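[1] no sequence on this one, just coordinates:
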């Protein structure tokens, strides 16, 4: 976006938000600030609205305990960690096409171009960051990557699921569930026992999969708001 984007995490002092905002504007000259507030914290949500923050999405934090290996038929598929550049480019292509209901794409002030670059940047980070991993699922019959997922390794035998997506023409085929199950089995073998992730309440197709197929439970809901400062540039270069 050409300037910093601030992440304001669950502020607890609604009456001091105006002063906080003045400080971060002076220090960072941000393009945008995003605030994530526990949904029951209405005083802070209303205070942010009074400062000009707009609602972006309702987000759920999910958690599941991995208790055992799960049976999965992955015949015809290869599950692997993405390390080669040509595999990364294929994953970036999927990430730039499939996300349609995220808060960046739907926001009239941001839109699909910002959203595409944002997701692709997260994919690149997942391959390069020492505490993150990027995995993919390949259809052996044609050599195509048909799904991917990324995660962050946390202390205490925990992981945080980050991005995941299935190629357009494979959606509804079950490969996403297969990939997630393979990822869960791999994590279990490596000693990871708890998985955290976050999902938007508007992602209707994925929510039942997380609950019914993978056993996730909601542990917190969040209201996400954003405020844009000045004019945004789609090409910060």
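    Done, it's in. Fair warning: this is a prediction, and the values are worked out from it, not measured in the lab.

[2] OK, contacts around the closest residue to residue 123 other than its chain neighbours?
    Distance criterion CB to CB, 6 or more residues apart in numbering; nearest residue to residue 123, sequence neighbours excluded, is residue 95 at 4.9 Å. In short, each C-beta sits where N, CA and C put it, glycine included. The neighbours of residue 95, taking CB atoms under 8 Å, 6 or more residues apart in numbering as the test, are 116, 119-120, 122-123, 148, 163, 165.

[3] I'd like the distance between residue 95 and residue 160.
    Look at residue 95 and residue 160: by CB to CB, to the nearest Å, they are 18 Å apart.

[4] Need the residues that contact the longest helix out of those in the chain.
    Assignment by DSSP state H gives helix 112-128 as the longest helix of the chain. Under the contact criterion CB under 8 Å, 6+ apart, helix 112-128 has outside partners 1, 82-83, 88, 91-92, 95-97, 99, 102, 104-105, 132-134, 148, 150-151, 162-163, 232, 234.

[5] quick one: average pLDDT of it?
    Averaged across helix 112-128, pLDDT comes to 95.

[6] same thing with stretch 61-76?
    95.

[7] So which residues of this structure form helices?
    Counting by DSSP H, the helices of the chain are 17-28, 42-50, 85-95, 103-106, 112-128, 175-189, 207-208.

[8] Mind putting those into CSV with distance to residue 11?
    Output for the helices of the chain, formatted as CSV (distance: least, CB to CB, whole Å):
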stretch, distance to residue 11
helix 17-28, 6
helix 42-50, 6
helix 85-95, 31
helix 103-106, 19
helix 112-128, 23
helix 175-189, 33
helix 207-208, 27
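
[9] Quick check: which of those helices is nearest to residue 67?
    Taking CB to CB, helix 175-189 is the member of the helices of the chain nearest to residue 67, at 8.2 Å.

[10] And the closest one, what's buried?
    For helix 175-189, the neighbour count (16 or more other CB atoms under 10 Å) marks 175-185, 187-188 as buried.

[11] Format those residues as TSV; extra columns: pLDDT and distance to residue 222.
    Shown next, in TSV, are the buried residues of helix 175-189 (pLDDT from 0 to 100; distance: CB to CB, whole Å):
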residue	pLDDT	distance to residue 222
175	95	29
176	94	24
177	94	26
178	96	29
179	96	26
180	95	22
181	96	27
182	97	29
183	96	24
184	96	24
185	96	29
187	97	25
188	96	28
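
[12] from those residues, which single one is nearest residue 205?
    Once CB to CB is applied, the member of those that ends up nearest residue 205 is residue 176, at 9.6 Å.

[13] how about the nearest residue to that closest one, chain neighbours excluded?
    residue 166 (4.4 Å).

[14] What of residue 80?
    residue 136 (6.3 Å).

[15] ok now do that neighbour, which residues does it touch?
    79-80, 82, 87, 90-91, 145, 147-149.

[16] Turn these into a markdown table, including distance to residue 228.
    As requested, these are exported to a markdown table (distance: CB to CB, whole Å):
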| residue | distance to residue 228 |
| --- | --- |
| 79 | 40 |
| 80 | 39 |
| 82 | 33 |
| 87 | 35 |
| 90 | 33 |
| 91 | 29 |
| 145 | 35 |
| 147 | 33 |
| 148 | 30 |
| 149 | 30 |
